[in-house]
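**Student:** Sharing a model that was predicted from the sequence below.
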Amino acid sequence: MASSLHTPALWLLGAVDDATLGAVKRASERETRLRGLVDRYLDFVARVLRNAGTPEAEIDDDVQRTFIAVSNRLDDVRPDAEKSFLLQTALRMAAHARRTLARRREVHDSDAQLRLQGPLHPEQMLDQKRARELLDEVLAEMAFDLRTVFVLYELEELSMTEIAAALQIPSGTVASRLRRARADFRDRVSALSGVPHAEVGS
Amino acid sequence: MNDPVRLREEPHSALELSLLDAGRSYTASASTRGRALSALGVVAVATSSTAAATTLSKAGFAKWAVAATLVGGGAITAAHFAARAPSGPGPAPTVALVAGPSAQQAPTPTSVAPDPGSAPLVTESSNTS
């Protein structure tokens, strides 16, 4: 009699344990993967956002949105495509932020004009914070497609093949944009230092 | 495709190098990581894991509660039927297991020895009579 009573209880308990343990294991694997993503790519995402035009004050929010986007599609993202997915998402975020910033600048255009007045003193050039501000100004003046290729190649040091794959554009287009972006960047930096590019260039 | 030499490796000016270094050295703030993890629900996932573990432990507790109930119920039922069965001697009276207080108590030994001087006095008087 006692054994007939034990059997359904053992069956019930076995089913509960399997289902719950499976859910716990999946949640743990997901958490581990997300933590790994943040550990590996947090600085990369923040840097791409910043250099692609997201204002400093909005970096935290856009970093979160970028990782949330990958989290929502985590099952669809192959492990070897995580960086590319994050990059594309971050660039979309930055483009949105850049458009928003452009609308604000239409209102406060006079403030923007005040920031790039006159050549710089050497000590100003070496100041890191000032350099960051100047880089923001230079990059902000570049066309977004040129800026994106420039940032990925010169600052993130991706190869042209990687950039073509990430942006889903032909390699020749990447090479063309990079050539124009570099010329544009050097012209603007030369203008900042008060020396024409032709006099500085090799 | 041959990648061109990067500007940082052949800078045209100190300012250019400074700007490129500024762009490369940008890192997320210390709080950004925690906020990102919170936004991802990793903490919440940990909480969910804890909740799942709690559920699991509750399930385990329920398992043992059910098992104990079933086993206990079975044992009580079996004992009940066994007790009502006519065969076999009845249970031993519990009274027999309990010793009476008089059997358990040994006489208390006298700690004080009798006075040796008083007893011989009576014995001597009876012998003389």
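**Tutor:** In hand now; what should we look at? Residues are numbered from 1 along each chain as shown, chains lettered A, B, ... in the order given.
**Student:** which ones are touching the closest residue to A:Leu87 other than its chain neighbours?
**Tutor:** Nearest residue to A:Leu87 in three dimensions, chain neighbours excluded: A:Ala166, at 5.1 Å (Cβ to Cβ, 6 or more residues apart in numbering or on different chains). C-beta: built from backbone N, CA, C; applies to glycine. Counting by Cβ atoms under 8 Å, 6 or more residues apart in numbering or on different chains, A:Ala166 touches A:84, A:87-88, A:152, A:158.
**Student:** out of those, which are inside helices?
**Tutor:** Of the contacts of A:Ala166, the ones assigned to helices by DSSP state H are A:84, A:87-88.
**Student:** can you list the contacts of A:Ala166 in TSV and add pLDDT?
**Tutor:** Shown next, in TSV, are the contacts of A:Ala166 (pLDDT from 0 to 100):
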residue	pLDDT
A:Ser84	92
A:Leu87	95
A:Gln88	93
A:Leu152	97
A:Leu158	95
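**Student:** ok, the residues you listed vs chain B, which is closest?
**Tutor:** A:Leu158 (9.5 Å; Cβ to the nearest Cβ).
**Student:** ok, and the closest non-adjacent residue to the closest one?
**Tutor:** A:Leu152 (4.7 Å).
**Student:** Now do the contacts for that neighbour.
**Tutor:** A:48, A:87, A:158, A:162-163, A:166.
**Student:** which of those has the most neighbours?
**Tutor:** With neighbours taken as other Cβ atoms under 10 Å in any protein chain shown, the top of the contacts of A:Leu152 is A:Val48, carrying 27 neighbours.
**Student:** so the residue nearest to it when sequence neighbours are not counted, which of the three states?
**Tutor:** Of all residues not flanking A:Val48 in the chain, A:Ala90 sits nearest, at 4.5 Å (Cβ to Cβ, 6+ apart). Classification of A:Ala90 using DSSP: H, G, I helix; E, B strand; the rest coil returns helix.
**Student:** since we're on A:Ala90, how many residues are nearby?
**Tutor:** When neighbours are defined as other Cβ under 10 Å, A:Ala90 has 27 of them.
**Student:** Quick one: find the helix or strand in chain A with the lowest mean pLDDT.
**Tutor:** helix A:109-114 (a mean of 43; mean pLDDT, DSSP states H and E).
**Student:** Show me where chain A has its strands.
**Tutor:** With DSSP state E as the definition, chain A shows no strands.
**Student:** Show me where it has its helices.
**Tutor:** Using DSSP H, the helices of chain A run over residues A:2-51, A:59-72, A:82-107, A:109-114, A:122-126, A:128-141, A:144-150, A:160-167, A:171-193, A:197-200.
**Student:** What residues of stretch B:21-32 count as buried?
**Tutor:** Within stretch B:21-32, the residues scored as buried using 16 or more other Cβ atoms under 10 Å in any protein chain shown are B:21-24, B:26, B:28, B:32.
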